[in-house]
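**Q** 3D, please:
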Amino acid sequence: QVQLVESGGGLVQAGGSLRLSCAASGRILSTYGMGWFRQAPGKERDIVAAISWSGGSTYYADSVKGRFTISRDNAKNTVYLQMNSLKPEDTAVYYCAADQRGRVQTQFWEYDYWGQGTQVTVSS
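**A** Next up, the predicted model:
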């Protein structure tokens, strides 16, 4: 069993930055693929970014390319999402997820474990 806890969300003005963290316990994350998803009110949960177990492969949604960076520190059992140049449309609850197969996955049903989410609000 893997427990995931997100942190780092909050309220920021447009153009600002936030760094989200996803800390894992219960299992070592070094063999898991990891993803960040977001869900705005009334909308589906969409992929934001994903990273393979080694960090050698990444994926970004078109809407965040060039602004967000996913990274991982396997020694700390933590995955990060650095978010720069934030826009009001980035407002959502952000979730991290773990995939035991270790690959870059882009569909929410491909992930095995989920955190509870952290709210990100970007004001205009």
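**Q** which residues touch stretch 42-57?
**A** By C-beta atoms under 8 Å, 6 or more residues apart in numbering, the surrounding residues in contact with stretch 42-57 are 30-39, 58-61, 64, 68-72, 74, 79, 81, 92, 94-95, 102-108. In this view, the C-beta of every residue, glycine as well, is placed from N, C-alpha and C.
**Q** filter those to the buried ones?
**A** 32-38, 59-61, 64, 68-70, 72, 79, 81, 92, 94-95, 102, 104-105, 108 (16 or more other C-beta atoms under 10 Å).
**Q** ok, so what distance separates residue 29 from residue 5?
**A** Distance from residue 29 to residue 5, counting by C-beta to C-beta, to the nearest Å: 12 Å.
**Q** Hmm, I typed the wrong one, I wanted residue 107.
**A** 23 Å.
**Q** swap in residue 104?
**A** 22 Å.
**Q** what does residue 95 give?
**A** 11 Å.
**Q** Common neighbours of the two, please.
**A** 115, 116.
**Q** Low-confidence stretches in the protein?
**A** Counting by pLDDT under 70, not a single residue of the chain qualifies.
**Q** Any chance you could spot the residue sitting in the middle of it?
**A** residue 36 (2.3 Å; C-alpha atoms, centre = their mean).
**Q** pretty sure that residue is in contact with residue 81, am I right?
**A** Yes. Counting by C-beta atoms under 8 Å, residue 81 is a contact partner of residue 36 at 4.8 Å.
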